[in-house]
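Trainee: everything below, folded, please.
(2 chains)
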Amino acid sequence: MLSILIALPLLAGLACLFVKANGARWIALIATLIDLAIGVYLWGAYDPAGAQWQFVENVPLGGGIAWALGIDGIAMVLIMLSVFLMPICIGASWRAIDKRVPEYMAAFLLMEALMLGVFAAQDLFLFYVFFEGGLIPMYLIIGIWGGVERIKASYKFFLYTLFGSVLMLIAMIYMVVDAGTTSIPALMAHDFPVDVQKWLWLAFFASFAVKMPMWPVHTWLPDAHVQAPTAGSVILAGVLLKMGGYGFIRFSLPMFPEGSAMFVPLVFILSGIAVVYTSLVALVQRDMKKLIAYSSVAHMAFVTFGLFAMNRQGLEGAMIVMLSHGLVSGALFLCVGVIYDRLHTREIAQYGGLSNNMPGYALLFMLFTMASVGLPGTSGFVGEFLSLVGTYEASSWAAIVATTGIILGAAYMLYLYWRIAFGIARTEGAAAMKDLDMREWWLLAPIAAGVLWMGVYPESFLRPIRADIGRVLERVERTAPQGDAHLTKGKPQAAAAHGAEHGAEAAH
Amino acid sequence: MNQFAPILPEIILTVGAIVLMMVAAFGGRRSGGLVSWAAVAVLILATVALKGAPSNAGVIFGGLVSADLFGSFGKGVIFIASAVAIIAAHGWFERDAEHGPEYSVLVLLTALGGAVMVSATSLITLYIGLELLSLSSYVLASYRRSDERSAEAGLKYFVLGALASGILLYGISLLYGFTGTMNFPGIAAAFGREGVPSIGLLFGLVFVLAGVAFKVSAVPFHMWTPDVYEGAPTPVTAFFASAPKVAAMLLGVRLCIDALGPATDAWRQIVIFAALASVFLGAVAAYGQTNIKRLLAYSSINNVGFVLVGLAAGTPEGVSSVLFYLAVYVVMTLGAFLCVLWMRDENGQPVEDIAALSGLSQTRPGFAAALAVFMFSLAGIPPLFGFWPKLLVFRAAVDAGLIALAVAAIIGTVVGAYYYLRIVKVMYFDDAATPFARVRQPVQGALIFLAAIAVSPLGYLLIGPLQAISDKAAGSIF
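Mentor: Here you go, the predicted model:
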């Protein structure tokens, strides 16, 4: 089943190269919709109480690599997120991309196949192949269909992420030599020597921190987002960034629990800086896409906070933040794309008063803004709340710093919304823009539904991951940070004597 | 007769080369086409003849050569690469009046030299093979007599090559003088007896390795490579980048393992230095190149560095990774050069400027896609197959405890990725330049297609068989 899930977009991508623009669009849409259907089937057929790894396939290719696939709940929800966003991306590019459409659709479908492969791979090297392979289509998407500065952005994206990943490859080789297996489930149960763990952890961290991205290696992200076409930004923010978080929860935590514990302060400090610093940077942006890109960095810091709190609330919160951010930031980029298609500028100052002439748009944009801020009832609240609770248990100072991110997040998002939707239009072009058309409703409404669903009934998404979070916890529990904010039993005062004194006084 | 069975492939090549030389002498220029196809047939025949005795007869002729799977693996790669070089030239030279039949004969002789090199187990056989290969190569480099660049390339190659041969000979004489034998096992025994090698042996070892490093164009003996690659006619460059390189590299491997095995610590540091220097210089020096042949020359230096990483491990896994790497490298580099051969302007004149590739993806999408596949593969970016041999050499290095070497070399891949990306950028991101003239060469087109398929992700299906055979081949010299 997973092989079909991966092979289908691959074949469809090849087919796209041999047809004209419209044919390619339809092939891409149909293929991604079928993949979505398969994803829904997986979600339905996945048994949260069943085996850890389900839908397992294993075909050895010889020479120490196997076509080994299988998913647990964590991978399953992320695959769901990917297949859900893909048809939306294709829809978003329906008219916005008008040159070299077949190649564009092929690149996107290749991208989808590789992303799904990352989440489904159970062989260490197979994982690496998928993980790195994603660079090529994204490089082409940014470089060919991007904005003015696209070439610099594409290089920066490629070389940054490649540099992060190659160190991870050496660590992987070391692990395979040491443990004698390339199977990820087997490695997750392997105990590496403690002094080696810290090096392995650092090597993996180099890769995932760039991918995530964490401060200070986040600088490729704003460039890549600003230059990428809308759908490219959606998939970048929606899924590619999640690979970093997925890597932490799949590799760093269960494979190197001691190493992780050793570096918790590092992660907390970097995440704390990311939350405060990038939020402040987002506040002063004039370019909408850049603002949302910086907000992504800040939101991903909640993920790292939650993950490295190493407790149940933190881990579950981190997962929900990832899912929620995938939907919300994807939707926000789509919202930017909607008005960019009309006015061809991303500068915030060119807009204003859109709630007058685009009420439908203003409504949806409002919903996603609120979800990004973390308003209760939306997905953002659930994730951020859980991950903050988890962080608080690990370190109250970290939680205090992280919480400022919520306030700052509200500041920059509401400020953005105010400048775009309220007041009066600053340019004639902005005043004349038409409201969402049918296609755009179809793109945004499903995401809105998802955001509300996750906000109101997160149990649908927590149930499949609960058992797997538990398994990660079993590995990390022994090293989890103790925290400074536990309720402690106070010394019982000599209450009886006290009472007796009072009694005695009263008796007087 | 039976004692000649193990060298049947070499006999086929020798007889074939002599017969075709006669055909060429009597047939003149008109026989060019016939001779090249006949030469391809000879090479295929020789490849088929590798089966059986040539792969398992062991040491023969009083220890001069060894007919083992290691040699056969190398010969197979060399013969096939030579055949491709002949086919490539057949399409290329026919526009020029200069395509004579002697080109194919020279390639046959070079392949023969390479075949002798990879199975040599004596310093004398080694030198004979090397000289046969080198002399034929010098002539090939200056094959276009009327072209100044080609003549210059030939002369440069000859002068520097002669110097390298001299260094090698000097090293051989030192080794012979201090060990009293020409045979690899005898040399190994002498090194083994001494424990810490004497200064004379060390000098011999260094000189011999320097000579080999020149042939594989490892830094710091790489100077000739960009000039010769640029000046030589493109099919010859394609040939240089593949067959002779494989021959010299495998010769070096057999020498290091078989003859110098007990002195591994002595040569390992040399190999490590050459590996890292090649990886980084090959990566950095390619940045400013505007000529695609020079760029591919630096790419070949860069790739040799990675092969040397596998050799530095000095283990059966390391040698196996070297063999695996070379096999995949030859496919990638030949594919890339076949693409370069197709770069012609409207008048049919060959173009070598990278700028001429700009916007190729719009004018010739298939061509651009193939070249992009080769570039990403040479850079070692998964999911293309070029990634896997790189992984194998790093794995061998880590397995042998050379983690720092692996880390340094892998950082080199990132540095190198930049210039491969630049080619892709020029082809895909830039605006279209004047399109190339269409070439009608179905055979070459099919070869490019096959090579592109082999290094695409489908190549991973080959891992099983290729790994099995390279493991066996590596095992045969330990």
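
Trainee: heading C-terminal from the helix or strand of chain B with the lowest mean pLDDT, find the next helix or strand.
Mentor: Across the helices and strands of chain B, mean pLDDT, DSSP states H and E gives its lowest value to helix B:53-56, namely a mean of 77. Downstream of helix B:53-56, the next assigned helix or strand under DSSP states H and E is strand B:58-60.

Trainee: who are the packing partners of that following strand?
Mentor: Taking 3 or more Cβ pairs under 8 Å, 6 or more residues apart in numbering or on different chains; DSSP states H and E as contact, the helices and strands that strand B:58-60 lies on are strand B:65-67. Any C-beta I mention is one placed from the backbone N, CA and C, and that applies to glycine too.

Trainee: list the contacts of the strand it packs on.
Mentor: If you take Cβ atoms under 8 Å, 6 or more residues apart in numbering or on different chains as the criterion, strand B:65-67 is touched by B:6-7, B:53-60, B:71, B:116, B:119-122, B:125, B:477.

Trainee: how about stretch B:351-370?
Mentor: A:17, A:100, A:103, B:230, B:234, B:289-293, B:295, B:335, B:339-340, B:342-345, B:371-372, B:422-423, B:426-428, B:430-433, B:435-436, B:448-449, B:451-452.

Trainee: so what does the least confident helix or strand of chain B touch, helix or strand wise?
Mentor: In terms of contacts (3+ Cβ pairs under 8 Å, 6+ apart), helix B:53-56 is packed against helix B:8-27, strand B:65-67, helix B:69-93.

Trainee: buried residues in the second one?
Mentor: Neighbour counts over strand B:65-67 (16 or more other Cβ atoms under 10 Å in any protein chain shown) mark B:65-67 as buried.

Trainee: got a markdown table for the residues you listed, with distance to residue A:378 too?
Mentor: Formatted as a markdown table, the entries for those read as follows, by distance: Cβ to Cβ, whole Å:
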| residue | distance to residue A:378 |
| --- | --- |
| B:65 | 76 |
| B:66 | 73 |
| B:67 | 74 |
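
Trainee: near chain B, which residues of the stretch 351-500 of chain A? Just list them.
Mentor: Within the stretch 351-500 of chain A, no position lies close to chain B (Cβ under 8 Å from any Cβ of the partner chain).

Trainee: just the strands in the stretch 351-500 of chain A please.
Mentor: Assigned by DSSP state E, counting those that start in this stretch, the strands in the stretch 351-500 of chain A number zero.

Trainee: quick one, helices of it?
Mentor: Counting by DSSP state H, counting those that start in this stretch, the segments of the stretch 351-500 of chain A that form helices are A:354-357, A:359-373, A:379-394, A:396-421, A:428-431, A:438-456, A:459-476, A:495-507.

Trainee: tell me, which helix in the chain spans the most residues?
Mentor: As the question left the chain open, I've gone with chain A. The longest helix of chain A (DSSP state H) is helix A:312-343.

Trainee: you answered for a different chain; I wanted chain B.
Mentor: Among the elements of chain B assigned as helix by DSSP H, the one spanning the most residues is helix B:148-179.

Trainee: same for that one, what does it pack against?
Mentor: Counting by 3+ Cβ pairs under 8 Å, 6+ apart, helix B:148-179 packs on helix B:123-141, helix B:184-194, helix B:199-216, helix B:224-231.

Trainee: what about the nearest residue to residue B:112 once chain neighbours are set aside, neighbour count?
Mentor: If the residues on either side of it in the chain are set aside, residue B:112 comes closest to residue B:13, at 4.4 Å by Cβ to Cβ, 6 or more residues apart in numbering or on different chains. Using other Cβ atoms under 10 Å in any protein chain shown, residue B:13 has 28 neighbouring residues.

Trainee: what do you get for residue A:133?
Mentor: Using other Cβ under 10 Å, residue A:133 has 24 neighbouring residues.

Trainee: sorry, back to before: just send the helices and strands packed on helix B:53-56 back as TSV, with distance to residue A:117 and mean pLDDT too.
Mentor: Shown next, in TSV, are these (distance: least, Cβ to Cβ, whole Å; pLDDT from 0 to 100):
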stretch	distance to residue A:117	mean pLDDT
helix B:8-27	42	91
strand B:65-67	44	88
helix B:69-93	31	88
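
Trainee: about what we covered before: so which of the helices of the stretch 351-500 of chain A comes closest to residue B:204?
Mentor: In this view, those are compared for proximity to residue B:204 by Cβ to Cβ, and helix A:459-476 is the closest at 55.2 Å.

Trainee: show me which positions of the closest one end up buried.
Mentor: The neighbour-count criterion (16+ other Cβ under 10 Å) identifies A:461-462, A:464-465, A:467-469, A:472-473, A:475-476 as the buried residues of helix A:459-476.

Trainee: buried ones in the longest helix of chain B?
Mentor: The neighbour-count check on helix B:148-179 (16+ other Cβ under 10 Å) flags B:150-154, B:156-158, B:160-161, B:164-165, B:167-172, B:174-176, B:178-179 as buried.

Trainee: do the same with stretch B:333-353
Mentor: Of the residues in stretch B:333-353, B:333-344, B:350-351 count as buried by neighbour count, 16+ other Cβ under 10 Å.

Trainee: tell me which element the residue of chain B found nearest chain A falls in.
Mentor: Nearest residue of chain B to chain A: residue B:464, at 2.7 Å (Cβ to the nearest Cβ). Residue B:464 is located in helix B:463-475, with elements delineated by DSSP H and E.

Trainee: name the helices or strands packed onto that helix?
Mentor: Using 3+ Cβ pairs under 8 Å, 6+ apart as the test, helix B:463-475 ends up in contact with helix B:69-93, helix B:316-341.

Trainee: tell me what angle that helix forms with helix B:316-341.
Mentor: 120 degrees (axes from the mean of the first three to the mean of the last three Cα atoms, to 10 degrees).

Trainee: of the buried residues of helix A:459-476, just say which sits nearest to residue A:299.
Mentor: residue A:461 (16.9 Å).

Trainee: which residues are contacting the helix or strand containing residue B:264?
Mentor: With elements taken from DSSP H and E, the one containing residue B:264 is helix B:264-285. By Cβ under 8 Å, 6+ apart, the surrounding residues in contact with helix B:264-285 are B:197, B:202, B:205-206, B:209, B:213, B:218-220, B:222, B:226, B:256, B:260, B:298-306, B:308-309, B:311-312, B:314, B:402, B:405, B:408-409, B:412-413, B:415-416, B:418-419.

Trainee: show me which of these are buried.
Mentor: With neighbours counted by 16+ other Cβ under 10 Å, those contain buried members at B:197, B:202, B:205-206, B:209, B:213, B:218-219, B:222, B:226, B:256, B:260, B:298-306, B:308-309, B:311-312, B:314, B:402, B:405, B:408-409, B:412-413, B:415-416, B:418-419.

Trainee: where does the stretch 51-200 of chain B dip in pLDDT?
Mentor: Within the stretch 51-200 of chain B, the segments meeting pLDDT under 70 span B:91, B:93-99.

Trainee: go with 90
Mentor: With pLDDT under 90 as the threshold, the stretch 51-200 of chain B has low-confidence stretches at B:51-68, B:87-104, B:141-152, B:178-180, B:189-200.

Trainee: contacting chain A as well, which ones from the contacts of helix B:264-285?
Mentor: With the criterion set as Cβ under 8 Å from any Cβ, the members of the contacts of helix B:264-285 near chain A are B:413, B:418.

Trainee: in strands, which of the contacts of helix B:264-285 appear?
Mentor: For the contacts of helix B:264-285, not one is inside strands, with DSSP state E as the criterion.

Trainee: output stretch A:71-85 in PDB with nothing but the alpha carbons.
Mentor: This file holds the C-alpha atoms of stretch A:71-85, laid out as PDB (Å, rounded to 0.1, in the frame of the first residue of the first chain):
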ATOM      1  CA  ILE A  71       4.400   3.600   9.400                       C
ATOM      2  CA  ASP A  72       3.500   4.200  13.000                       C
ATOM      3  CA  GLY A  73       1.000   6.800  14.200                       C
ATOM      4  CA  ILE A  74       3.500   9.700  14.000                       C
ATOM      5  CA  ALA A  75       4.400   9.000  10.500                       C
ATOM      6  CA  MET A  76       0.800   8.300   9.600                       C
ATOM      7  CA  VAL A  77      -0.500  11.700  10.600                       C
ATOM      8  CA  LEU A  78       2.400  13.500   8.800                       C
ATOM      9  CA  ILE A  79       1.700  11.500   5.700                       C
ATOM     10  CA  MET A  80      -1.900  12.500   6.100                       C
ATOM     11  CA  LEU A  81      -0.800  16.100   6.200                       C
ATOM     12  CA  SER A  82       1.300  15.800   3.100                       C
ATOM     13  CA  VAL A  83      -1.400  14.100   1.000                       C
ATOM     14  CA  PHE A  84      -3.900  16.600   2.200                       C
ATOM     15  CA  LEU A  85      -1.900  19.600   1.200                       C
END
